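# Pasting the sequence and the predicted model now:
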Amino acid sequence: MPSIEVQQLEKSFSSNAQTLFAGLSFALASNECLCLLGPSGCGKTTLLRLLMGLERPSSGTISINPALNEKMSYVFQEPRLVPWRNCLENVLLPLELTAQKSAAACTRAVELLQEIGLADRLEHFPDQLSGGMQMRVALARALITQPKIVLLDEPFAALDERTRFHMQDLLLDLKARLQLQYIFVTHSISEAAYIGDRILLLDNTGAARDFRSIDFKERNQSLKLTPAFNAVVSEYSSLFNEMENSRTMSTAVRPR
Amino acid sequence: MLATLRLWITDKLPAWIFLAGLLSVWELIVGRQWVASYLLPSPLQILDTTLDMWPDIFSATLSTARSILWGLGLSLFVGITSALIFFSIPIARRAILPFCIFFQTVPIIAIAPLLVIWFGYGQPTVNASAFIVSLFPILANTLTGLQETDPQLKELFKLYKPTRWQLVFKLQIPSAIPYIITGIKISAGLAVVGAIVGEFIAGGGLGSLIDAARTQQRVDLVFSGVFMSSALALALVYALNLITGFLFRHRPYLRKQ
């Protein structure tokens, strides 16, 4: 059974006339990691929020594998740290709210913060951290519940390049070690190619293109320098352009 | 050390120089008898009177301070509790809150006689008077603070399906703390007014000291009472600033700008 199955999805908002997704359907197998790629305003964040249940679809269905219930986690576009809680307390918040806080959980939280490079900031409050550090704490908070699937909304967009690469590798590592599945929203084609098994390309008309990414044998940052990787990135870019062009065509040459 | 001194010079010194100037001019005007001293006693004369009558003035000040703390403490308890009730039960808010505005609009001087009828002469009436005028700002500010929780944080909490109490105690009350503190500061000033007005009618404390001095044409003593009551208000504000400064240093409830 797939982890997530989406059928004939549409979402419209009362505030504007636009309808998103125009009957989007896809199924995500239980070991796949998906990247949502597309221009601003195409509904990437909305799709993620629909999957998490933060919004309801206007029509169509979203079915989540019951085994994943309570095992989903979400990283917002902003860190959304609680200002009066320090790093460690922010990471432990989900466990406090679900009454799962324990000594073992605290140790795990400290380890997580070590893993993301904030071991020396456990007692710091969010206003004492840089934007990138705050985002990393938000990631640790999403992982503390030991989810099976994490939905991430452009989490690394505000990070400097080195940290971004480190975080990408951390995700790949968690995927390999814990069979963690993720759905990842990004603007960056090369990021999508690097961390996604599958890519769902969305555009502003609601059209979508869904394809498997190349299965690179070994993924590490030096992969990004190889001709093979660059070929893949440029192939995705041209797919992207093709979608853009077909849209321009369809609006420009309208049959009378 | 030098930096602290420099800060003091730029920040505080102008006010002290102005005060010294004001007192000198005042002393001069009265000393030269440009204004009769039974209308405006000189600063030194006021100081003399204050020192002469210190035991009486001190006990009056203590009594007023007690009433202020009683009134303010009670309005803190009642104000925050009712704000929580109004926040949790919207129908109660819609039904009762409009009438709470009564506490803000009615002049305390108009209901003070009523308080005397109910509570008699003395401290209970004064406490009630301080309570009534200081209740509304705490209530209104707490309620606003509870309602103004950051919607983004609320959405984050909702991900983890919190209980109603978790939402209140872990999110809504901490978010309201800066509002509550502003409310307390406004209420503290009003509690001083409420206590003094209560004492005018019900007796005791600085209020009745001022009133008695007025009937005896002791303008110097009136001034002593006035200065002591403003010293009380200043001490209260200073203590509140110390407490909130400590709180915010410990936990950043207030976002730094």
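Everything's here; your move.
# which SS class is A:Asn204?
The assignment at A:Asn204 comes out as coil when based on DSSP: H, G, I helix; E, B strand; the rest coil.
# Tell me how many other residues crowd it.
16 (other Cβ atoms under 10 Å in any protein chain shown). (C-beta placed from N, C-alpha, C; glycine too.)
# What separation is there between it and A:Ala22?
The span separating A:Asn204 from A:Ala22 equals 11 Å under the rule Cβ to Cβ, to the nearest Å.
# near chain B, which residues of chain A show up?
Neighbours of chain B within chain A, by Cβ under 8 Å from any Cβ of the partner chain: A:52, A:54, A:74, A:76, A:78, A:80, A:82-84, A:93-94, A:96-98, A:125-127.
# Restricted to strands, list those residues.
A:Tyr74 (DSSP state E).
# Can you give me the separation between the closest residue to A:Arg80 other than its chain neighbours and A:Leu118?
With sequence-adjacent residues excluded and distances taken as Cβ to Cβ, 6 or more residues apart in numbering or on different chains, A:Arg80 is closest to B:Leu156, at 4.8 Å. B:Leu156 sits 19 Å away from A:Leu118, going by Cβ to Cβ.
# so where's chain A shaky on pLDDT?
Within chain A, the stretches with pLDDT under 70 are A:206, A:213-217, A:244-256.
# can you check chain B too?
By pLDDT under 70, the low-scoring segments of chain B are B:254-257.
# can you rerun that using 90?
Across chain B, residues meeting the criterion (pLDDT under 90) sit at B:1-12, B:31-39, B:96-114, B:120-122, B:203-204, B:244-257.
# could you say which helix or strand contains the residue nearest the centre of it?
A centroid search over chain B (Cα atoms, centre = their mean) returns B:Ala188, at 1.8 Å, as the residue closest to the centre. Per DSSP states H and E: B:Ala188 is located in helix B:173-202.
# Just to check, B:Leu167 is in contact with B:Phe157?
Yes - taking contacts as Cβ atoms under 8 Å, B:Leu167 lies within contact range of B:Phe157: 6.0 Å.
# With neighbour numbers in mind, choose between these two.
Neighbours were tallied for B:Leu167 and for B:Phe157 using other Cβ under 10 Å; the higher tally belongs to B:Phe157 (20 against 16).
# mind listing what the spatially closest residue to the more buried one that is not a sequence neighbour touches?
Of all residues beyond its chain neighbours, the one nearest B:Phe157 is B:Leu171 (5.4 Å), with distances taken as Cβ to Cβ, 6+ apart. Contact partners of B:Leu171, counting by Cβ atoms under 8 Å, 6 or more residues apart in numbering or on different chains, are A:82, B:149, B:153-154, B:157, B:162.
# Give me the three-state assignment for B:Leu171.
helix.
# B:Tyr179 and chain A: what is the separation?
The span separating B:Tyr179 from chain A equals 14 Å under the rule Cβ to the nearest Cβ, to the nearest Å.
# Surely that residue and B:Thr144 touch.
Yes - with contact defined as Cβ under 8 Å, B:Tyr179 and B:Thr144 form a contacting pair (5.6 Å).
# Find the closest residue to chain A in the stretch 51-200 of chain B.
For the stretch 51-200 of chain B, the residue positioned closest to chain A under Cβ to the nearest Cβ is B:Tyr160, at a distance of 4.0 Å.
# returning to that earlier point: including secondary structure and distance to B:Ala213, could the contacts of B:Leu171 go into CSV?
As requested, those are exported to CSV (DSSP: H, G, I helix; E, B strand; the rest coil; distance: Cβ to Cβ, whole Å):
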residue, secondary structure, distance to B:Ala213
A:Val82, coil, 54
B:Thr149, coil, 50
B:Leu153, helix, 55
B:Lys154, helix, 56
B:Phe157, helix, 58
B:Pro162, coil, 58
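# from those residues, which is closest to B:Thr215?
Using Cβ to Cβ, the shortest approach to B:Thr215 within these belongs to B:Thr149, at 53.3 Å.
# Show the contacting residues for the closest one.
So, once contact is read as Cβ under 8 Å, 6+ apart, B:Thr149 ends up touching B:171-172, B:175-176.
# what do you get if the cut-off is 10 Å, keeping everything else the same?
For B:Thr149, the contact set (Cβ atoms under 10 Å, 6 or more residues apart in numbering or on different chains) comprises B:157, B:167-168, B:171-176.
# Could you let me know which of these ends up closest to A:Asn241?
Nearest to A:Asn241 among the contacts of B:Thr149, with distances taken as Cβ to Cβ, is B:Phe157, at 41.7 Å.
# Isn't that closest one up against A:Thr98?
No - B:Phe157 is beyond contact range of A:Thr98, at 11.2 Å (criterion: Cβ atoms under 10 Å).
# tell me, what's touching these two both at once?
Looking at what touches both B:Phe157 and A:Thr98 (by Cβ under 10 Å, 6+ apart), the common residues are B:Gln166.
# Of all residues in chain A, which one is closest to chain B?
With Cβ to the nearest Cβ, the shortest gap between chain A and chain B falls at A:Leu97, namely 4.0 Å.
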